[in-house]
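Visitor: Below are the sequence and a predicted model for it; my questions follow.
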Amino acid sequence: MRRLLICFLLLSCETNNLISSNDKIDVDLTLLSSTMVYGEVFNMIMNPENYAGKTVKMKGLFVLFEDMENGKPFYACVIPDATACCLQGFEFVPLSEYNYPKDYPKVDSEITIVGKFEYDENNFGYCRLINARFVR
């Protein structure tokens with residue numbers, strides 16, 4: 001249940017670690033209107049094979065979840081729709097250089113992240129961003 005919930009959330013973060021201007025962004029959700037972002041994220045969830053391995057940039061709210069079995073934290077970037085009634089987004093796995101909570105934004109603050117899109121078809125098509133970096 002937790003994995004399905006996180007798959008429908010969006011993430012983005014700000015810290016001192018910036019991405020290089022040479023990084024190629026394949027899917028830049030920060031350039032889209034709220035309606036278009038919602039549609040694009042829905043498409044990413046429904047057709048993840050079309051996005052596998054692509055570099056995604058997104059902006060949203062920082063959300064923290066905790067695995068109830070082992071206490072392991074999960075981070076997500078969530079984006080509200082145009083009416084702010086629904087949220088959509090992805091879990092993200094940050095680079096190992098980030099230490100929680102020191103290098104992370106406050107929960108529910110606005111963030112921007114860049115990461116590689118990954119999905120696991122054996123785990124109900126679970127989607128997330130890996131090697132995520134916070135950007136300003």
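Guide: Yep, that arrived. Predicted model, so just to flag it, every value in this text is computed and none were measured.
Visitor: in the protein, what spans have low per-residue confidence?
Guide: Counting by pLDDT under 70, the low-confidence segments of the chain come to 1-23, 123.
Visitor: Okay, helices next: where are they in it?
Guide: Assigned by DSSP state H, the chain shows helices spanning 2-7, 34-46.
Visitor: Run through who's touching stretch 26-45.
Guide: Around stretch 26-45, the neighbours that count as contacts under Cβ atoms under 8 Å, 6 or more residues apart in numbering are 7-8, 10, 12, 50-51, 54-59, 79-82, 86, 88-90, 112, 117, 125, 127. All C-beta spots, glycine's among them, are computed from the backbone N, C-alpha and C.
Visitor: Narrow these to those in strands?
Guide: When the contacts of stretch 26-45 are checked against strands (DSSP state E), the matches are 55-59, 79-80, 88-90, 112, 117, 127.
Visitor: Compare these and tell me which is most surrounded.
Guide: Sorting the ones in strands among the contacts of stretch 26-45 by how many neighbours each has (other Cβ atoms under 10 Å) puts residue 90 first, at 31 neighbours.
Visitor: Wait, that one touches residue 130, no?
Guide: No: assessed by Cβ atoms under 8 Å, residue 90 is found out of contact with residue 130, at 10.1 Å.
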